[in-house]
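Undergrad: let's see this in three dimensions:
(2 chains)
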Protein chains: 2
Amino acid sequence: MSDLSPVPASAVVRVDLPQQPYSIAIAAGLLDRLSVQFQDVGLTGKQVLLVSNPVVFKHYGDRAIAALEAANCKVTTAILPAGERYKTLRSVSKLYDVALKARLERSAVFLALGGGVIGDMTGFAAATWLRGVRVVQVPTSLLAMVDAAIGGKTGVNHPRGKNLIGAFHQPSAVAIDPDVLRTLPAREWRAGMAEVIKYGIIWDRELFERLEAAERLDRLRDVDADLLHHILTHSCRAKAEVVAKDEREGGLRAILNYGHTIGHAVESLTGYRSVNHGEAVAIGMVAAGRLAVKLELWNAEDCDRQTRSIEKAGLPTHIPLALDPDEILAALQADKKVKAGKVRFILPQHIGAVTIADSVPRDRLREVILGAMGNG
Amino acid sequence: MSDLSPVPASAVVRVDLPQQPYSIAIAAGLLDRLSVQFQDVGLTGKQVLLVSNPVVFKHYGDRAIAALEAANCKVTTAILPAGERYKTLRSVSKLYDVALKARLERSAVFLALGGGVIGDMTGFAAATWLRGVRVVQVPTSLLAMVDAAIGGKTGVNHPRGKNLIGAFHQPSAVAIDPDVLRTLPAREWRAGMAEVIKYGIIWDRELFERLEAAERLDRLRDVDADLLHHILTHSCRAKAEVVAKDEREGGLRAILNYGHTIGHAVESLTGYRSVNHGEAVAIGMVAAGRLAVKLELWNAEDCDRQTRSIEKAGLPTHIPLALDPDEILAALQADKKVKAGKVRFILPQHIGAVTIADSVPRDRLREVILGAMGNG
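TA: Predicted structure coming up:
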């Protein structure tokens, strides 16, 4: 916020939904001050189901519980295994079992302390326990901070497709403590950077130019506090503004899927293992950018600027050679964003502005996928 | 609607929800005219997942499919086993599998052709498939017509508690064809009558007095077309009015749970087998009525009128002797309507008007439960 201030910057980003507006608080040390967040939204003294994974809980569980108990909450803990492949109805069923055993009532609050997988499952369990209880998101990965924790998309994977089962369920509050990123594995930092670059391309030219000006983006320790604060506030603001304009993905919200169409196919076909979500989005953005150039929607120079930023963030730019291009084409047809059998693509027109293309010619799409095959 | 008219009566009851108002159409022969309903809500030509159980599908599946195909819909069928004990996450998972295989898109419509179990599961699957697709309810049991199909409550049972997992998801339309009641087993007819009597007590004195004036209520063939029409329209209107005033059960909607608090405990403890939902509600209403008399909220004479109507409908009035009264008390604590450990009861004050009691003394409750033990 200020170059002169010695105190860590803090910010509040509002998500202005007509039915349920809420705030995203961003501040170093927030994890220990969760009681203030709970007080702000009238959640002191509630039953809390804290959901986390073993690694995150080991680092931050005690501090989160202490902060919640300072808000007079009665905390029950549920630890789910880490990883996208555990984002299943079966894992959510375990949360129901814990909720039943702890006799969680309709006034209870589910709290997600973890990355996107924990956030999505906790949100879905909250959406469906007793037909809906409140959820607070405390994201601990960069990806979850700038994307998954905001906007109310919750859900789990079907064995044959990502996020096919889910619900819209907005959080009551989101609390982002940038300090917890220090323990984030480098590869997950980079995955989050994919979504940050995405916001630069689809919404916020200033953010993109700040990223371009940075020397390195591939590891947290080379990103100074000011840039990190800029990244978090601008990314959250971009997401919040889009979601507030279109809560249920009737129109504008689709632009958040930039890079995700091919990305989802790559993730799904690699079994959610060798390529993570952010890496898949990076690959998808490079491909979508080239598709936009091929369709004469975007100029090649800006497309190259996008590719260079993605490379600087240490992210892959090609579809793994192990995948079959025709299988990718087939998987695109099974994507839930399909409309009347046509694949929808979000394509850049300028840095900071995209358009929605509803009927991309199949042969052009195939050319781009073939051209995107490669290493790294 | 008219004593003079030779044509079967028909009616439309509106559910006036601010976000998504919809209509309940009630008319003999409606099953064959589903295409009109679909046209009214802009669903012609959509992908339809028709969900039913084996018995209902045998009777009405072909006619429903023909009507949907007349609306140019592409119909996929999923048959789930009948019975409350199959109202599980596992059965819903089967619907997801069928939806995936049929590549159902966000514009698809799920259609429930069956009783409350089919309606609840189809609604929940629709609420959670691709984060929400539309659902049309075509209830075939009296219970589903007057209750389950209206109001957007969807969900499944947890092995240890009824309806603990679910979502609010309003239908796009409800189509009630009284003719299909002809194949409804007598015991299920009586179960539906429990909810009809409930509406008389909580909301509609005129409905209750029509029921009192009838010679028999325990089987469809002794209920004339006019009375049946009155029962359906008045019950649906009662439900619609309450739901429109309180979609998410923040206040008024709780009155619909009259008879359900003890009812759910009885159902759950008998393993959803020997006592069905309507029978459990009947038992619960008799007990709640006596609790109201004991607490001097209601007069004994009106309470007896309620009991006589329940008996006339061929419904049980006592808790099965096989159950342990203390287990019932314990089960009441696990009910999802518990608030801060206190059991909430809906108690009559007049015929047509109830009140919500939040802290019923435990000893009074125990007396009523002990007094309610018996045969039939």
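Undergrad: buried set for stretch A:253-271?
TA: Buried residues in stretch A:253-271, counted by 16 or more other C-beta atoms under 10 Å in any protein chain shown: A:253-270. In this view, the C-beta of every residue, glycine as well, is placed from N, C-alpha and C.
Undergrad: same thing with stretch A:308-315?
TA: The neighbour-count check on stretch A:308-315 (16+ other C-beta under 10 Å) flags A:309-315 as buried.
Undergrad: where are the low-confidence patches of chain A?
TA: A:1-8, A:334-341, A:376 (pLDDT under 70).
Undergrad: near chain B, which residues of it are found?
TA: A:89, A:93, A:96-97, A:100, A:103, A:105-107, A:127-132, A:153, A:155, A:158, A:160-161, A:163-168, A:248, A:333-334, A:336, A:338-340 (C-beta under 8 Å from any C-beta of the partner chain).
Undergrad: from these, which ones fall inside helices?
TA: Among those, the members falling in helices (DSSP state H) are A:89, A:93, A:96-97, A:100, A:127-128, A:333-334.
Undergrad: so can I have CSV of the residues you listed showing neighbour count?
TA: Converted to CSV, these look like this (neighbours: other C-beta atoms under 10 Å in any protein chain shown):
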residue, neighbour count
A:89, 20
A:93, 16
A:96, 22
A:97, 14
A:100, 18
A:127, 27
A:128, 28
A:333, 12
A:334, 15
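Undergrad: ok, the nearest residue to residue A:10 once chain neighbours are set aside - contacts?
TA: Closest residue in space to residue A:10, ignoring its immediate chain neighbours: residue A:27 at 3.5 Å, by C-beta to C-beta, 6 or more residues apart in numbering or on different chains. Counting by C-beta atoms under 8 Å, 6 or more residues apart in numbering or on different chains, residue A:27 touches A:8-11, A:33, A:176-178.
Undergrad: and residue A:27, backbone torsions?
TA: Here is the backbone geometry of residue A:27 (degrees, to the nearest 10): phi -170, psi 140.
Undergrad: same question, the one 3 residues further on
TA: Recorded main-chain torsions at residue A:30 are phi -60, psi -30, according to degrees, to the nearest 10.
Undergrad: that one contacts residue A:174, correct?
TA: No - Residue A:30 lies out of contact with residue A:174 (C-beta atoms under 8 Å); the separation is 10.3 Å.
Undergrad: between these two, which is the more surrounded one?
TA: residue A:174 (28 against 21; other C-beta atoms under 10 Å in any protein chain shown).
Undergrad: correct me if wrong: the more buried one contacts residue A:135.
TA: No - contact criterion C-beta under 8 Å: residue A:174 and residue A:135 do not qualify, at 9.9 Å.
Undergrad: who touches the nearest residue to residue A:240 once chain neighbours are set aside in this structure?
TA: Excluding the flanking residues, the one nearest residue A:240 by C-beta to C-beta, 6+ apart is residue A:15, at 4.4 Å. Taking C-beta under 8 Å, 6+ apart, we find residue A:15 in contact with A:21-24, A:150-151, A:170, A:240, A:243-244.
Undergrad: if we go to 7 Å?
TA: Counting by C-beta atoms under 7 Å, 6 or more residues apart in numbering or on different chains, residue A:15 touches A:21-22, A:24, A:150, A:240, A:243-244.
Undergrad: just residue A:245 next, same as before
TA: Here residue A:245 is in contact with residue A:252 (C-beta under 7 Å, 6+ apart).
Undergrad: and which of the ones in helices among the residues of chain A next to chain B is nearest to residue B:291?
TA: residue A:100 (26.6 Å; C-beta to C-beta).
Undergrad: just the strands in the stretch 151-300 of chain A please.
TA: Counting by DSSP state E, counting those that start in this stretch, the stretch 151-300 of chain A has strands at residues A:153-158, A:161-168, A:173-176.
Undergrad: other SSEs contacting the longest one?
TA: Yep, that's strand A:161-168 we're talking about. Applying 3 or more C-beta pairs under 7 Å, 6 or more residues apart in numbering or on different chains; DSSP states H and E, we find strand A:161-168 packed against helix A:116-128, strand A:153-158, helix A:260-269, helix B:89-101, helix B:116-128.
Undergrad: if you set the cut-off to 6 Å instead, what comes out?
TA: Strand A:161-168 sits against strand A:153-158, with contacts defined as 3 or more C-beta pairs under 6 Å, 6 or more residues apart in numbering or on different chains; DSSP states H and E.
Undergrad: and for the shortest one?
TA: When contacts are defined as 3+ C-beta pairs under 6 Å, 6+ apart, strand A:173-176 sits against strand A:22-27, strand A:134-139.
Undergrad: which strands border it, and is each parallel or antiparallel?
TA: Here strand A:173-176 is paired, per DSSP bridges, with strand A:22-27 (parallel), strand A:134-139 (parallel).
Undergrad: for that strand, buried residues please.
TA: By 16+ other C-beta under 10 Å, the buried positions in strand A:173-176 come out as A:173-176.
Undergrad: farthest pair within those?
TA: Maximum pairwise distance in the buried residues of strand A:173-176, criterion C-beta to C-beta, is 10.6 Å, between A:173 and A:176.
Undergrad: domains of chain A?
TA: A:10-183, A:187-372 (automatic domain parsing).
Undergrad: of the ones you listed, flag the one that's most buried.
TA: Of all the domains of chain A, domain A:10-183 has the most neighbours on average by mean count of other C-beta atoms under 10 Å in any protein chain shown, namely a mean of 21.
Undergrad: start to end distance for that one?
TA: Taking C-alpha to C-alpha, to the nearest Å, the first and last residues of domain A:10-183 lie 20 Å apart.
Undergrad: if I look at residue A:49, how far off is chain B?
TA: The spacing between residue A:49 and chain B, counted by C-beta to the nearest C-beta, to the nearest Å, is 14 Å.
Undergrad: ugh, typo on my part, it should be residue A:364
TA: Residue A:364 is 23 Å from chain B, by C-beta to the nearest C-beta.
Undergrad: residues contacting that residue?
TA: Applying C-beta atoms under 6 Å, 6 or more residues apart in numbering or on different chains to residue A:364 gives the contacts residue A:294.
Undergrad: what about it, distance to residue A:287?
TA: 11 Å (C-beta to C-beta, to the nearest Å).
Undergrad: repeat that for residue A:323.
TA: Look at residue A:323 and residue A:287: by C-beta to C-beta, they are 12 Å apart.
Undergrad: with residue A:181 instead?
TA: Computed as C-beta to C-beta, the residue A:181 to residue A:287 distance reads 28 Å.
Undergrad: quick one, the helix or strand in which residue A:111 is found and helix A:116-128 angle?
TA: Assessed by DSSP states H and E, residue A:111 sits inside strand A:109-114. Counting by axes from the mean of the first three to the mean of the last three C-alpha atoms, to 10 degrees, strand A:109-114 points 170 degrees away from the direction of helix A:116-128.
Undergrad: report the closest residue of the stretch 151-300 of chain A relative to chain B.
TA: Proximity to chain B, evaluated over the stretch 151-300 of chain A using C-beta to the nearest C-beta, is greatest for residue A:166 at 4.5 Å.
Undergrad: list the contacts for that residue?
TA: Neighbour list for residue A:166: A:124, A:154-155, B:131 [criterion: C-beta under 6 Å, 6+ apart].
Undergrad: residue A:351: which of the strands paired with strand A:173-176 is closest?
TA: With C-beta to C-beta, the closest approach to residue A:351 among those belongs to strand A:22-27: 24.2 Å.
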